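Asks: Sequence and predicted structure are below.
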Amino acid sequence: MTRPATATARPRPDGWGRPALLGTDTDTDTAVDIDIDTAVELSTSTLTREFPMDIAALITWVVTALGGFYMLGTWIRRGGIRQQQSGTSRLPAPVVFAHFALAAIGLVVWIIYVVADKSALAWTAFGLLLPVALLGFVMLARWIPVYRDRAAVAATPAAATAQGADGSVPAERHFPLPVVLAHGLFAVVTLVLVLLTALGIGGS
């Protein structure tokens, strides 16, 4: 791939900005399995080739926030708050809203950092991301059994009808799997990019 004529090359440590080799022309018919670590590396490398590190982190953070906002809206609309008393939803409301609030505050801090370029702000944003990530993993661990139950319920239409009738379907069961996966992937990429920027790697 050739760079645009207006792009300015900037020095990077060895290995940064080089395209990852996924295969050769002779194995195009072979499926290539990419684990989560490789996906994060590819996403980070692609973004940092096109944007400064802090801008790339801002982009991934906004994309992550959009996915999170969609899932929060779905959870509320499907009765996640009402289900707290009955225990139908496995996502505690304090965890959900703390995750959302800390992520939003961190995003604001990061935007200020991009404008002001103060390293203390970068580390503050990274510090806010740590509990955000922890709460995210807690919710993911509680959501996985709900997702697995959806497949079991789908195999028995009578059970699905009964659950729908009495409102006992967890609100988070309506989260689309691609949205959950993309949200998690972009969150990891954001965390990595913010840390690298705070460490002064990649410039701003």
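Replies: Sure, I can see it. Numbering: from 1, shown residues only.
Asks: What ranges does this structure have for its helices?
Replies: Secondary structure of the chain by DSSP state H: the helices cover 36-50, 53-77, 83-86, 93-116, 119-154, 157-166, 177-198.
Asks: In the chain, where is pLDDT below threshold?
Replies: Judged by pLDDT under 70, the chain has its weakly predicted residues at 1-50, 151-167, 202-204.
Asks: and Glu172, how many neighbours does it have?
Replies: Neighbourhood size, Glu172 [other Cβ atoms under 10 Å]: 24. Placement of C-beta: from N, CA and C, glycine included.
Asks: cool, and Val115?
Replies: The burial metric for Val115, expressed as a neighbour count using other Cβ under 10 Å, is 9.
Asks: how far away is it from Val109?
Replies: 11 Å (Cβ to Cβ, to the nearest Å).
Asks: ok, the residue lying closest to Trp123 once chain neighbours are set aside - contacts?
Replies: When the adjacent residues along the chain are set aside, Trp123 lies closest to Ala198, with 5.1 Å between them (Cβ to Cβ, 6 or more residues apart in numbering). By Cβ atoms under 8 Å, 6 or more residues apart in numbering, the contact list for Ala198 reads Ser119, Ala122, Trp123, Ala125, Phe126.
Asks: same thing but at 7 Å, please
Replies: Neighbouring residues of Ala198 by Cβ atoms under 7 Å, 6 or more residues apart in numbering: Ser119, Ala122, Trp123, Phe126.
Asks: Of those residues - the most surrounded one?
Replies: Ala122 (24 neighbours).
Asks: Hmm, it is touching Val114, no?
Replies: No - distance between Ala122 and Val114: 9.4 Å, which falls outside the contact criterion (Cβ atoms under 7 Å).
Asks: Spell out which residues are contacts of both of the two.
Replies: If you check Ala122 and Val114 against Cβ under 7 Å, 6+ apart, no residue is contacted by both.
Asks: sorry, back to before: with respect to Val63, which of the contacts of Ala198 is nearest?
Replies: Compare each of the contacts of Ala198 with Val63 using Cβ to Cβ and the shortest gap goes to Phe126, at 18.1 Å.
Asks: quick one: the closest one and Leu196 touch, right?
Replies: No - the pair formed by Phe126 and Leu196 falls short of the contact definition of Cβ under 7 Å, at 10.0 Å.
Asks: still on that earlier bit, pull up the gap between the residue nearest to Trp123 and Val179, please.
Replies: When Cβ to Cβ is the yardstick, Ala198 and Val179 sit 28 Å from each other.
Asks: Okay then, goodbye and thanks.
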